[in-house]
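K.L.:
Quick one, fold the following:
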Amino acid sequence: MRWLSIFAIAFLASPSFAADIQPGNCARAAAYSEKNTGFSLLVMQNGKTVFEHYANGGGADMRCKIFSGTKSFWGIAALCAARDGLIKLDDYVADTITEWKNDPRKSQITIRQLLNQTDGIEPSPHLHSDSIRDRDAMAISLPVVHSAGAAFAYGPSHLQIFNELLRRKLNGKSTISYISDNVLSPLGLTSMEFKKDGRGNPLPASGFELTAREWANFGEMILGRGNFHSKQIVPSGLLGAAFNGSGANPSYGLTLWLNREAPNAREIDYEKELDLKWQRARWGGICISRAAPPDMIVALGSNYQRLFIIPSMNALIVRQGNSARFSDGYFLRLVLGR
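P.N.:
Below is the predicted model:
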């Protein structure tokens, strides 16, 4: 069954979620976040700043590692490649990475499955290592651990394979140049650093450092249905593909997390679930927050780096901090006054 688009869900969402976010509620959320080593909180609604707070003498110019929040930028780069006719999401990866042609399992993997992490390739956290000379070559040689589409196995291998696929599609142009020209520069992000291997390949799974305001630009683009400051980065119809979950994990789209099973699902700590071996993790019937609307989209990074985007409220929330106990559900109840 096809999922409703996230914008259709926003339209159908309960009117109770359309209320204005109150600064007093944000202040209570900031106190909770800071108690749990948070240092940045930015809340925007209807294009205006509702609340902004920086702890421990920090300021709006303080950059922070967003870890896996980096993935979502590469997801948008993939949609730009589809926009440009370089790829189709349901193309077989083996059409480009021809080394896979004769492998009965790898030959069945699609680009969409790379992006929603259901391709069946070993997730391989060791790809984060700085000592690897060629991450792309290592990633495409990894073994298959389950059939394509059968399970969700979170890790850096999937986007690393996509990076190699995109590199080949670009016929010599670097993937760093492509994402910079098509995603980062249009979002006003012109001084980004990439975690490169010995051959200059970027690590799409992690590496970006952003201020809260810079990360908010990504959220504004999502709220603008692919448009940021009058620049259409991704066509709105194509952007909707990023918000479709898979059968293996309805709560993960194309590099973005989804709250669409709220309010009747089990509220869990996604980071704790991701710490489990992929075979033990359970992704059905769960949500980030029962108090938040089901159309909420989340870019999520380790140590509780968060960009919450809520189309039905035309709102976004950036939270940055260090590793500590933190509850997304409790935090969002405070922000939303629920």
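K.L.:
Tell me how many other residues surround G219.
P.N.:
Residues lying near G219 (other CB atoms under 10 Å) number 23. (Glycine included, C-beta is placed from N, CA and C.)
K.L.:
which residues in the chain form helices?
P.N.:
6-12, 23-35, 70-83, 111-115, 135-140, 157-169, 175-179, 212-223, 236-239, 270-275, 328-336 (DSSP state H).
K.L.:
Please render those helices as TSV that adds distance to H126 and mean pLDDT to the earlier fields.
P.N.:
Formatted as TSV, the helices of the chain follow (distance: least, CB to CB, whole Å; pLDDT from 0 to 100):
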stretch	distance to H126	mean pLDDT
helix 6-12	34	49
helix 23-35	32	97
helix 70-83	17	98
helix 111-115	18	98
helix 135-140	9	98
helix 157-169	10	98
helix 175-179	21	98
helix 212-223	27	98
helix 236-239	32	96
helix 270-275	16	94
helix 328-336	28	98
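K.L.:
what's the closest of those to M296?
P.N.:
Comparing the helices of the chain against M296 with CB to CB, the closest turns out to be helix 328-336 (8.2 Å).
K.L.:
Show me what the closest one is packed up against.
P.N.:
helix 23-35, strand 315-321 (3 or more CB pairs under 8 Å, 6 or more residues apart in numbering; DSSP states H and E).
K.L.:
What are the buried residues along the shortest one?
P.N.:
Buried positions in strand 315-321, judged by neighbour count with 16 or more other CB atoms under 10 Å: A315, L316, I317, V318, R319, Q320, G321.
K.L.:
what sits opposite the fifth one in the beta ladder?
P.N.:
Taking DSSP bridges as the rule, R319 bridges to L41, R306.
K.L.:
same thing with the first one?
P.N.:
Counting by DSSP bridges, A315 is bridged to Q45, I310.
K.L.:
Give the burial count for K277, as a bare number.
P.N.:
K277: 8 neighbours (other CB under 10 Å).
K.L.:
Run through the residues that contact the spatially closest residue to L238 that is not a sequence neighbour.
P.N.:
What sits nearest to L238 in space, not counting adjacent residues and going by CB to CB, 6 or more residues apart in numbering, is L79, at 5.3 Å. Going by CB atoms under 8 Å, 6 or more residues apart in numbering, L79 touches V234, L238, L239, A241, A242, L254.
K.L.:
Could you report the separation of L79 from F326?
P.N.:
To F326, L79 is 30 Å away according to CB to CB, to the nearest Å.
K.L.:
swap in A94?
P.N.:
A94 is 41 Å from F326, by CB to CB.
K.L.:
Looking at these two, which has the bigger crowd around it?
P.N.:
Shown here are A94 and F326; by other CB under 10 Å, F326 has more neighbours (21 against 18).
K.L.:
Throw the buried residues of strand 315-321 into a markdown table and include pLDDT and distance to P263, thanks.
P.N.:
A markdown table is the format used below for the buried residues of strand 315-321 (pLDDT from 0 to 100; distance: CB to CB, whole Å):
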| residue | pLDDT | distance to P263 |
| --- | --- | --- |
| A315 | 98 | 17 |
| L316 | 98 | 20 |
| I317 | 98 | 18 |
| V318 | 98 | 23 |
| R319 | 98 | 21 |
| Q320 | 97 | 27 |
| G321 | 94 | 26 |
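K.L.:
before we move on, back to that, show me the one of the helices and strands packed on helix 328-336 that comes nearest P125.
P.N.:
Taking those one by one with CB to CB, strand 315-321 is closest: 22.1 Å.
K.L.:
Need the CA coordinates for the closest one. CSV is fine.
P.N.:
Output of strand 315-321 as CSV, limited to C-alpha atoms (Å, rounded to 0.1, in the frame of the first residue of the first chain):
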residue,chain,number,x,y,z
ALA,A,315,7.7,24.8,12.5
LEU,A,316,11.3,23.4,13.1
ILE,A,317,13.3,22.8,16.2
VAL,A,318,17.1,22.4,16.3
ARG,A,319,18.7,20.8,19.4
GLN,A,320,22.4,20.3,19.8
GLY,A,321,24.4,18.9,22.7
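K.L.:
For stretch 166-180, give me every contacting residue.
P.N.:
Contacts of stretch 166-180 (CB under 8 Å, 6+ apart): 73-74, 77-78, 80-81, 86-87, 96-97, 136, 163, 192, 194, 200-202.
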